[in-house]
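Peer 1: Task: produce atomic coordinates for the following.
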Amino acid sequence: MNDAHRSNHTAEPGRRPVSGNWLRWGMPLTAGVLIVVCLIVALAWRGPARAGTSAATEIPAVAVVKVDRENLYKEITIPAEFRPYNEVELHAKVSGYVKQMNVDIGDKVKPGELLAVLEIPELQDELDHAIAAQQRAAADFKDAHLAYTRLLEVNKQHPNLIAQQDLDTAEAKDATSAGALAEAKSEVQKYRTLVSYTRITAPFGGVVTKRYVDPGALIQAGTSSQQAMPLVRVSDNNLLRLDFPVSVDYVRGIHLGAPAAVIVDSLGDRTFDGKIARFSNKIDDSTRTMIVEMEVPNPTLELFPGMYAKVEIKVDQREHVLTIPVEAVASGSTSVLVVNGANTVEERSVRLGIETASKYEVVAGLHEGDLVMLGNASQVTAGQKVEPRITAPLARQ
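Peer 2: Next up, the predicted model:
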């Protein structure tokens, strides 16, 4: 029996005996570790969920501008070339030799100033002959008229003393001599006029821009041949003209006296002021344009005919109209995003008018003071709550 009792307390080979302390403390410690691990995993999963919920509830800030009223206009730029206000090539009315040239290129002249003198000796001889003929005709008229007046006086004092035929003959001679005198005076005036054509004068004030002949040259009358050579060319550069074509799309905005800016590239993009002086009032069938002419004062003569310039004209002017920045309208779109009084995004259809470099005219769809979104519209959707922040349009920044 003792052997049996001994065999029950003998340990099996390869197995360690279970300690009583492990059973008392080890198992509760293991369970606590497992609980801590579970809590960490649960917190790790709940963190991203809370972050997502916070991001979803955050209200985005958007840039907006107020719809306001402005004066709008469209500005077009058209190339043009300066030309003199007046320009003429002076020809001789009579043929002759150039006796004297008083001017050269670049000389400034006044109206009526003597520019050149022609020499025509035979013309002076013809004038002298006509003057002599006038003197003879005057003497004949004096003699005939005196004889007729004497006969009339005698006939008054002694009626029927002078035959009527003698009176009629004296009256006819008086009238004939008067006609001859008038003809002689006309001939003298004609030759004096021809002689005056030998003096070439300036028809207006300006600058001599070209000289064609020198003293001694034979000049043909300008009326005798199309190949007649001019003597000089005079240009009035104190006031210049600019002619330019305006497209049919903008002719309704052209008005007499309207100001226009003239930019001259060759003078360092200097700007000169001018006014629209006249236009053709007709659209050219081939180009679908109308010719417009403006005048540019040039008192200092720093502008020269032939210079190229750019003309800037304001057309399609609108006064006190509703406007929005061009950034508020997506390319090709007819709607805008508006932030209403509840700070909610609305999509509104609009009807636009003229477009400038920075603004659209709003014809319908918006009211003054409405808040219109700028920038990328894909960041928000209609009905979404936003925080509007008024800012300046990008075109002004």
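
Peer 1: tell me what the lengthiest strand in the chain is packed against?
Peer 2: Assignment by DSSP state E gives strand 68-90 as the longest strand of the chain. Applying 3 or more Cβ pairs under 8 Å, 6 or more residues apart in numbering; DSSP states H and E, we find strand 68-90 packed against strand 206-211, strand 232-247, strand 308-325, strand 351-355, strand 359-364. Every residue, glycine included, has its C-beta placed from N, CA and C.

Peer 1: What residues sit buried inside the helix or strand just after that strand?
Peer 2: Where DSSP states H and E defines the elements, the next helix or strand beyond strand 68-90 is strand 96-101. For strand 96-101, the neighbour count (16 or more other Cβ atoms under 10 Å) marks 96-98, 101 as buried.

Peer 1: now what about the next helix or strand along the chain from strand 96-101, what contacts it?
Peer 2: Moving toward the C-terminus from strand 96-101, the next helix or strand (DSSP H and E) is strand 108-109. With contacts defined as Cβ atoms under 8 Å, 6 or more residues apart in numbering, strand 108-109 is touched by 103, 115, 202, 205-208, 234.

Peer 1: Go through those residues and give me the one with the most neighbours.
Peer 2: For the contacts of strand 108-109, neighbours were counted by other Cβ atoms under 10 Å; the highest total belongs to Val234, with 26 neighbours.

Peer 1: Could you tell me the model confidence score at that residue?
Peer 2: Looking at Val234, its pLDDT reads 96.

Peer 1: wait, isn't it in contact with Arg211?
Peer 2: No. Counting by Cβ atoms under 8 Å, Val234 sits too far from Arg211 to count as a contact (10.4 Å).

Peer 1: For Glu153, pull up the helix or strand it's in.
Peer 2: When elements are assigned from DSSP H and E, Glu153 belongs to helix 121-157.

Peer 1: Now render the contacts of strand 108-109 as CSV, adding distance to Ala260.
Peer 2: Formatted as CSV, these follow (distance: Cβ to Cβ, whole Å):
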residue, distance to Ala260
Val103, 34
Leu115, 35
Ala202, 31
Gly205, 26
Gly206, 24
Val207, 25
Val208, 30
Val234, 28
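
Peer 1: and which of these is nearest to Asn281?
Peer 2: Closest to Asn281 out of the contacts of strand 108-109 is Gly206 (29.0 Å), distances taken as Cβ to Cβ.

Peer 1: Report the beta-bridge partners for the closest one.
Peer 2: Counting by DSSP bridges, Gly206 forms beta bridges with Val109.

Peer 1: which residues touch it?
Peer 2: Counted by Cβ under 8 Å, 6+ apart, Gly206 has contacts 84, 86-87, 108-109, 234-238.

Peer 1: rerun at 7 Å
Peer 2: Neighbouring residues of Gly206 by Cβ atoms under 7 Å, 6 or more residues apart in numbering: 86, 109, 234-237.

Peer 1: Same question for Val339.
Peer 2: Taking Cβ under 7 Å, 6+ apart, one finds 62, 64, 345, 371, 373, 386, 388 in contact with Val339.

Peer 1: looking at the sheet around it, what are its partners?
Peer 2: Applying DSSP bridges, one finds that Val339 bridges with Val345, Leu371.

Peer 1: Adding pLDDT, write the contacts of Val339 out as TSV.
Peer 2: Output for the contacts of Val339, formatted as TSV (pLDDT from 0 to 100):
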residue	pLDDT
Val62	83
Val64	86
Val345	86
Leu371	88
Met373	84
Val386	83
Pro388	85
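
Peer 1: low-confidence ranges in the stretch 51-200 of the chain?
Peer 2: 51-57 (pLDDT under 70).

Peer 1: these two touch, right, Thr323 and Lys66?
Peer 2: No. Counting by Cβ atoms under 7 Å, Thr323 stays clear of Lys66, with 10.3 Å between them.

Peer 1: quick one: which of those two has more around it?
Peer 2: The neighbour count for Thr323 versus Lys66, taken as other Cβ under 10 Å, is higher for Thr323 (25 against 11).

Peer 1: Could you check the pLDDT of that one?
Peer 2: If you check Thr323, the pLDDT there is 87.

Peer 1: Same question for the one 4 residues further on.
Peer 2: Glu327 is assigned 84 on the pLDDT scale.

Peer 1: Surely it is in contact with Asn376?
Peer 2: No. Contact between Glu327 and Asn376 fails when scored by Cβ under 7 Å: they sit 10.1 Å apart.

Peer 1: picking up where we left off before, looking at the helices and strands packed on strand 68-90, which is nearest to Val154?
Peer 2: The nearest among these, by Cβ to Cβ, is strand 232-247 at 64.6 Å.

Peer 1: and the closest one, which residues are buried?
Peer 2: Neighbour counts using 16+ other Cβ under 10 Å place 232-238, 240-246 of strand 232-247 among the buried residues.

Peer 1: Quick check on Glu327 and Asn376: which one has the bigger neighbour count.
Peer 2: Of the pair Glu327 and Asn376, Glu327 is the one with more neighbours under other Cβ under 10 Å, namely 17 against 10.

Peer 1: Now do that one against Gly369, distance only.
Peer 2: Noted for Glu327: a distance of 19 Å to Gly369, by Cβ to Cβ, to the nearest Å.

Peer 1: how about the helices in the stretch 151-300 of the chain?
Peer 2: Along the stretch 151-300 of the chain, the segments classed as helices by DSSP state H, counting those that start in this stretch run 164-196.
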